[in-house]
Structure formats: structure tokens, C-alpha cells
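Chemist: With the input below, show me the fold.
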Amino acid sequence: MIRYEDGDESLVAIFLEVLEQRFAHLQYLNFKLVYDLKKRIKSGKITLASVELASPKIKYFSQDEKASEGYDYILFIDKKAWELSTDKDKKRLISHELRHVFIDERDKPKLVGHEIEDFYAEMKLNEDDPEWGRNLARLITDVYDQEKEMAKDKQLNKKN
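Modeler: Residues are numbered from 1 along each chain as shown. Model (predicted):
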């Protein structure tokens, strides 16, 4: 089974909207938008989205008509999370990940960690629904668990 697929038009459109509205200073960077088709767990928690700094090797292999020198960052979004999220939560996911993107004083791309479990700016933006991330994570975890149970049932039915 293939693990990743390119982001579709809906991901691109919402990403560009968030980039323009909240992160205009990052618009000159090249972001590769990718769906992750498999459940990812990190430190015991489901990962709904993540951003990675492209290594020189990835930059080389990712050269295409959109990014002639390769991509600077790769943004991964759990496809189930994307499909089951509201537009508001999709924007929240992207906004949160873009907070990790940092350009240092030498104009070098970097990644930064959270100030706490989230970013102060994101907490302020999400005052209307501070539990949105946990609620979405719970929903997506339940969906993956249901699929796992259905696959087990299917295997049992095949044996019988």
C-alpha cells in the first residue's frame, strides 16, 4: 500500500488562504503538501499533521515545475483528519504547522518547537474552541480503531 499522496486542490486552496492571511512572510518558500494515508503515532499520540524541513537530498529529488530548486518544507496531513475536519479545523491544522516554520537571521529555513503544548498565538486564535485538536484527534483515532476492527472481522469471516 502506498503511504503518501500529493495534496489535492482542497488542501492547496486552504493552505494558500492560511499562508496569505496569517503567514505572508513565508510566501516565498516552497511547501510540498502531502497526505499521509496511514495512522502515525508519536509519543503515544496520534499525529494529525506535521511539517518537516527538507534535507538537501529531498530538495534535489523534489525538484519539479512548481519548485525548480526543490521544496523547502514538506507539510504532511493525515488524510482521514482532512476528510473529516471542518474548514475551520483544516485552517487550524495548517496554521499550527506553519507556526513551526522559522527563517533565521541568515535567511536559513529552520523548524521550531511549541512554546507549550501549542503556540500562544494559536491558543488565542482558538479561544472559541480550545479543545478542537483533542476532539479531532479523538474522532480520527476512533475511525482508525473502527477500521481495524472491521478488518479483523473480515479476516475472521474469511476463515469461517
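Chemist: Now do the SS call for Gln39.
Modeler: In this structure residue 39 is Lys, not Gln. Under the three-state scheme (DSSP: H, G, I helix; E, B strand; the rest coil), Lys39 adopts coil.
Chemist: how about it, what does it touch?
Modeler: Residues in contact with Lys39, defined by CB atoms under 8 Å, 6 or more residues apart in numbering, are 46, 78, 144. Bear in mind the C-beta positions are built from the backbone N, C-alpha and C, glycine included.
Chemist: Apply 7 Å and report the result again.
Modeler: For Lys39, the contact set (CB atoms under 7 Å, 6 or more residues apart in numbering) comprises 46, 144.
Chemist: Phi, psi for it please.
Modeler: Note on Lys39: its backbone torsions stand at phi -60, psi 130 [degrees, to the nearest 10].
Chemist: Can you check the distance spanned by stretch 94-107, start to finish?
Modeler: Looking at stretch 94-107, the gap from its leading to its trailing residue is 22 Å under the measure CA to CA, to the nearest Å.
Chemist: Give me the contacts around stretch 79-96.
Modeler: 11, 14-15, 18, 22, 35-37, 48-49, 77, 119, 122, 126, 132, 136, 139-140, 143.
Chemist: And those, which of them are buried?
Modeler: Neighbour-count burial (16 or more other CB atoms under 10 Å) is assigned, among the contacts of stretch 79-96, to 11, 14-15, 18, 22, 35-36, 48-49, 77, 119, 122, 126, 132, 136, 139-140.
Chemist: Sitting in helices, which of those do you find?
Modeler: For the buried ones among the contacts of stretch 79-96, membership in helices holds for 11, 14-15, 18, 22, 122, 132, 136, 139-140, with DSSP state H as the criterion.
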